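Student: Could you look at this predicted model? Sequence included:
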Protein chains: 2
Amino acid sequence: MSLRYAILGFLGSTPGTGYMIAREFAQGAGAFWSALPSQIYPELRELEQLGWISGEQDDSDRLGRRLFRLTPVGATALQAWVEAPTDYPPERDPERVKLIFLDRSDPDLIRHHLESHIAHHREKLATWQSMRAAMTDGSHRQMAARLAQRPKREHDLVLLTKLLAYDGNIARAELEIAWAEGAIARLEVLCERQVSKVEQV
Amino acid sequence: MSLRYAILGFLGSTPGTGYMIAREFAQGAGAFWSALPSQIYPELRELEQLGWISGEQDDSDRLGRRLFRLTPVGATALQAWVEAPTDYPPERDPERVKLIFLDRSDPDLIRHHLESHIAHHREKLATWQSMRAAMTDGSHRQMAARLAQRPKREHDLVLLTKLLAYDGNIARAELEIAWAEGAIARLEVLCERQVSKVEQV
DNA sequence: CTGCCCATGTAAATCGTTACATGATTAC
DNA sequence: GTAATCATGTAACGATTTACATGGGCAG
């Protein structure tokens, strides 16, 4: 269900076409929820049938793209969803599954997995740090549009929820990197002990 | 695909029935990959058809339960999968989606969400800490069976990969708690500033 | 005029959840 | 005897990915 509400949330900042939304879920919003065009276009039609969004034909657009807007009913549905208690998805971590069964592999191969883990999260970290930075300078169109709807005294709160979200992701990425570095160190300590045992014999 | 290999991994430690496997994915292995019986039973049949596991009728069992074992072919397939590079699943975090769109809600409600976040991860933390503890004393049957197959000099490595996995999850839970506590503090600072502004007017 | 990105989709397959069915065993 | 747990599933649905189709605009 989250995709549905993530789309509503996006359209709550500013109207958008299917393509714009798809681009967002591949990049910006993709930091928190990712989705492909093939899932987004059908969802938009369902949301329109529900009356939660409405699509106007934009004649100024040379291609016949439709610009979708959040309706008042849609805004209410969105508000109800975000305020309802979260149900947390079950744990599903393919890298952990690999790690626990990697005990029949060469330690070098384990180390290589951990290094890939670090590389993966370094990339995430860089992405999220630059996205966070874009929140605070005025460069983020979405954010500017969202702030423009609200009185000045609420701007700090609007900004804070985004910063908290990015900071959480940044902290997660940093943790994964630190964890994997520690794991490599522990693995190496173990290997050295093994070697010295063998040497003793 | 991970479920398939997680099942193989489990059966690589010790043979098991469908029910035992289902129980494991609801509890023990559920720390890293969770799955329901309705997904596990069909998967077992597919794995048997592939020849990656084999199920023997156990006559000593009053119920006609079948005991599945990993075959050599299955062991090879498992090894190939765990050693192959991981592809990391896309980001999909419903709590973050809620948070970024909670900026139209009362800060008390935001705080309540963050407190639920803490409660959720405190539970996870407790679970994982006790699971980790069970790894190091001899109480874990799976682990004992896995160690029994291997020469003593490899025991440290077998144990290490599990400890690393649990420690990673524990660190994640601690991070989520710390993050949410910090978030509540930042939210309160903001609210106090708002109040004092209003008082000045 | 060729190749690339823009833009909007459909269809099929895969993965996971929810709901339900069934019968046997064990604890109280 | 009755409730809980053991044990094995099936069916339908929902969510997501993969693969494919299509046509317009634009840069070289």
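Tutor: Yep, it's here.

Student: And the pLDDT at the nearest residue to residue A:153 once chain neighbours are set aside?
Tutor: Nearest non-adjacent residue to residue A:153, counting by C-beta to C-beta, 6 or more residues apart in numbering or on different chains: residue B:194, 6.8 Å away. In short, each C-beta sits where N, CA and C put it, glycine included. Predicted confidence (pLDDT) for residue B:194: 79.

Student: do the same with the one 4 residues further on
Tutor: The predicted local distance difference test score for residue B:198 is 72.

Student: Helix or strand: which one has it?
Tutor: helix B:155-200 (DSSP states H and E).

Student: Show me the shaky parts of chain A.
Tutor: A:58-64, A:201 (pLDDT under 70).

Student: tell me which parts of it are close to DNA strand C?
Tutor: Residues of chain A lying close to DNA strand C by C-beta under 7 Å from any atom of the strand are A:17-20, A:22, A:37-38, A:41-42, A:44, A:63, A:65-66, A:89-90, A:92.

Student: cutoff 10 Å now
Tutor: By the rule C-beta under 10 Å from any atom of the strand, the part of chain A lying against DNA strand C is A:16-23, A:36-42, A:44-45, A:55, A:58, A:61-68, A:87, A:89-92, A:94.

Student: Against chain B, which of those make the cut? List them.
Tutor: Restricting those to those near chain B by C-beta under 8 Å from any C-beta of the partner chain leaves A:87, A:89-92, A:94.

Student: By neighbour count, which of the residues you listed wins?
Tutor: The most crowded member of these, judged by other C-beta atoms under 10 Å in any protein chain shown, is residue A:94 (20 neighbours).

Student: That residue against residue B:89, yeah?
Tutor: Yes. The pair residue A:94 / residue B:89 is scored as a contact, 6.9 Å apart, by C-beta atoms under 8 Å.

Student: Now the residue in chain A that DNA strand D sits nearest to: which helix or strand?
Tutor: At 3.2 Å from DNA strand D, residue A:38 is the closest residue in chain A, using C-beta to the nearest atom of the strand. Here residue A:38 is covered by helix A:37-50, with elements defined by DSSP H and E.

Student: Give me the contacts around that helix.
Tutor: With C-beta atoms under 8 Å, 6 or more residues apart in numbering or on different chains as the test, helix A:37-50 has contacts from A:3-4, A:7-8, A:18-19, A:21-22, A:25, A:53-55, A:68, A:73-74, A:77.

Student: Could you pull out the buried residues of that helix?
Tutor: For helix A:37-50, the neighbour count (16 or more other C-beta atoms under 10 Å in any protein chain shown) marks A:40, A:43-44, A:47-48 as buried.

Student: of all those residues, which comes closest to DNA strand C?
Tutor: residue A:44 (6.7 Å).

Student: quick one: the closest one from residue A:53, how far?
Tutor: Distance of residue A:44 to residue A:53, given as C-beta to C-beta, to the nearest Å: 7 Å.

Student: so who does the nearest residue to residue A:170 once chain neighbours are set aside touch?
Tutor: Nearest non-adjacent residue to residue A:170, counting by C-beta to C-beta, 6+ apart: residue A:128, 5.0 Å away. Residues in contact with residue A:128, defined by C-beta under 8 Å, 6+ apart, are A:31, A:166, A:169-170, A:173.

Student: Quick check: ChimeraX command selecting the buried ones in these.
Tutor: For the buried members of the contacts of residue A:128, the matching ChimeraX selection, counting by 16+ other C-beta under 10 Å, is:
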select /A:31,166,169,170,173
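
Student: Make JSON lines from the contacts of residue A:128 and add distance to residue B:183 to it.
Tutor: Listed next are those as JSON lines, based on distance: C-beta to C-beta, whole Å:
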{"residue": "A:31", "distance to residue B:183": "17"}
{"residue": "A:166", "distance to residue B:183": "12"}
{"residue": "A:169", "distance to residue B:183": "13"}
{"residue": "A:170", "distance to residue B:183": "13"}
{"residue": "A:173", "distance to residue B:183": "17"}
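
Student: picking up where we left off before, among the residues of chain A next to DNA strand C, name the ones in helices.
Tutor: A:18-23, A:37-42, A:44-45, A:94 (DSSP state H).

Student: Quick one: name the residues of chain A near DNA strand D.
Tutor: Near DNA strand D, when you scan chain A using C-beta under 10 Å from any atom of the strand, you find A:1-4, A:6, A:19, A:25, A:33-43, A:46, A:62-64, A:89.

Student: Now do the same contact list for the closest residue to DNA strand C within chain A.
Tutor: Closest contact between chain A and DNA strand C, by C-beta to the nearest atom of the strand, is at residue A:19 (2.5 Å). With contact set as C-beta under 8 Å, 6+ apart, residue A:19 has these partners: A:37, A:65.

Student: now swap in residue A:8 and tell me
Tutor: Applying C-beta under 8 Å, 6+ apart, the residues near residue A:8 are A:47, A:52-53, A:70, A:74-75, A:77-78, A:81.
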